[in-house]
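>>> Below are the sequence and a predicted model for it; my questions follow.
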Amino acid sequence: MKTVEEIKAAIEAAVPGAGVEIVSNPSVSAQHSLRLKPGCAVAVATFLRDDGDLSLDYLSNATGVDWPDKEVAEKVKVTHTVTKTVDGREQQVEETVEETRKRVVPGCIEAVYHLYSVAKGHGPVVIRMKTANRRTQVELPSLTPVWRSAEFQEREIFDLFGIVFTGHPDLRRLLMWVEFKDHPMRRDYREPDDFEYEPTAHDEVLKRAGEHRSREQGHGNRE
């Protein structure tokens, strides 16, 4: 099978402006992946499926990855104008110092797909897309029109991570009930304290629901 570098070159030759990025995997598996621009993703996916050498005709798995905002510290050189006494006279001179500054790197959510070729007997090739942010711009194109097996897996990603797949034929919750709020696989998700509408309450859920009712009763008695 071709290397990720060769696949990247083939994509860029076939899909002008694809802008494919190699995402290196430093682990022992060295399973590097290709990050696609959302605007070109369907065209790239179609090429990967239909290309005679690659023939990636089977999508085995699709999942989501949540990358929260993170604060990073960077050392930067800053030039200040300072007053110094030189030969008994005050002078304005420029002085360069190194300062540590913090900035927030916006987070995103990624959709990751593992592709194989049944016809050629090779794989996986891992492709991924990321949203613009985690809150207001969470749309990515659905790859269901290219690989039908993406349909339920993208619904699961939508349900648990909140990615909205445009062009999906039936985008609705798969595991959680319709009225459920939020997305349980996001890293900043917090379980609700009220389990009144938990459809399958059991074990720890029942215990916490009991504690919730006890607090409500205690609050009512104080009133």
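The structure has been received and is ready for your questions.

>>> List the strands paired with the helix or strand harbouring T96, with their directions.
Element membership for T96 (DSSP states H and E) is strand 89-105. Paired neighbours of strand 89-105 in the sheet (DSSP bridges): strand 70-86 (antiparallel).

>>> pLDDT score for the residue nearest to L175 when sequence neighbours are not counted?
Nearest residue to L175, sequence neighbours excluded (CB to CB, 6 or more residues apart in numbering): D159, at 5.4 Å. Where you see a C-beta, it was placed from the backbone N, CA and C, and this is true even at glycine. Note on D159: pLDDT of 97.

>>> got the contact list for V105?
V105 is in contact with 69-72, counting by CB atoms under 8 Å, 6 or more residues apart in numbering.

>>> Next one: it from S33, what distance?
20 Å (CB to CB, to the nearest Å).

>>> pretty sure the residue nearest to L175 contacts R173?
Yes - using CB atoms under 8 Å, D159 is in contact with R173, at 4.5 Å.

>>> Tell me which of these two has more neighbours.
Neighbours of D159 and R173, each counted by other CB atoms under 10 Å, are more numerous for D159; the result is 20 against 15.

>>> Shouldn't the more buried one be within a strand?
No - D159 is assigned helix when assessed by DSSP: H, G, I helix; E, B strand; the rest coil, not a strand.

>>> show me the residues around it that make contact.
Contacts for D159 were tallied using CB under 8 Å, 6+ apart; they are 173-176, 183.

>>> Thanks again, I'm all set now.
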